[in-house]
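Participant: Based on what follows, work out the 3D shape:
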Amino acid sequence: MQLLQYPDGQRIQPGDRVRIADRYRGTVVACIDTGRYLDGYEQWLYLGEGIMVDTDFGGLVHYLDADELQLLRRTAH
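Facilitator: Below is the predicted model of the structure:
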């Protein structure tokens, strides 16, 4: 399994604030590939792969690739 990364090669981490498709924003709440989650989001393990992002356009969205994501800010978790 290949771990999801941003297009610039940085590894995605829970708590990352991201830009989505150059117009939306969101926060990564679960990195299913690495088994890392913000508190309260562990229930998404069953999806098996990808990441969950709490978006400003539609709530929680499951992403299997990160082509449209850009890291805006990283917080330590």
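Participant: Where does the prediction get shaky in the protein?
Facilitator: Scanning the chain for pLDDT under 70 picks out the ranges 1, 76-77.
Participant: Pick out the residue closest to the middle of it.
Facilitator: Centroid check for the chain by C-alpha atoms, centre = their mean gives residue 28 as the closest residue, at 3.5 Å.
Participant: Give the helix, strand or coil label for that one.
Facilitator: strand (DSSP: H, G, I helix; E, B strand; the rest coil).
Participant: how about it, what does it touch?
Facilitator: Residue 28 sits next to 12-16, 18, 51-53 when contact means C-beta atoms under 8 Å, 6 or more residues apart in numbering. Using the backbone N, CA and C atoms, a C-beta is placed for each residue, glycine as well.
Participant: let's see it at 7 Å
Facilitator: 12-16, 18, 51, 53 (C-beta atoms under 7 Å, 6 or more residues apart in numbering).
Participant: could you check the distance from residue 7 over to residue 20?
Facilitator: 12 Å (C-beta to C-beta, to the nearest Å).
Participant: Tell me the one of the contacts of residue 28 nearest residue 74?
Facilitator: residue 16 (5.4 Å; C-beta to C-beta).
Participant: Excluding chain neighbours, give the residue nearest to that closest one in space.
Facilitator: Leaving aside its chain neighbours, residue 16 sits nearest to residue 28 (4.4 Å; criterion: C-beta to C-beta, 6 or more residues apart in numbering).
Participant: Distance of that neighbour relative to residue 3?
Facilitator: Taking C-beta to C-beta as the measure, residue 28 falls 13 Å from residue 3.
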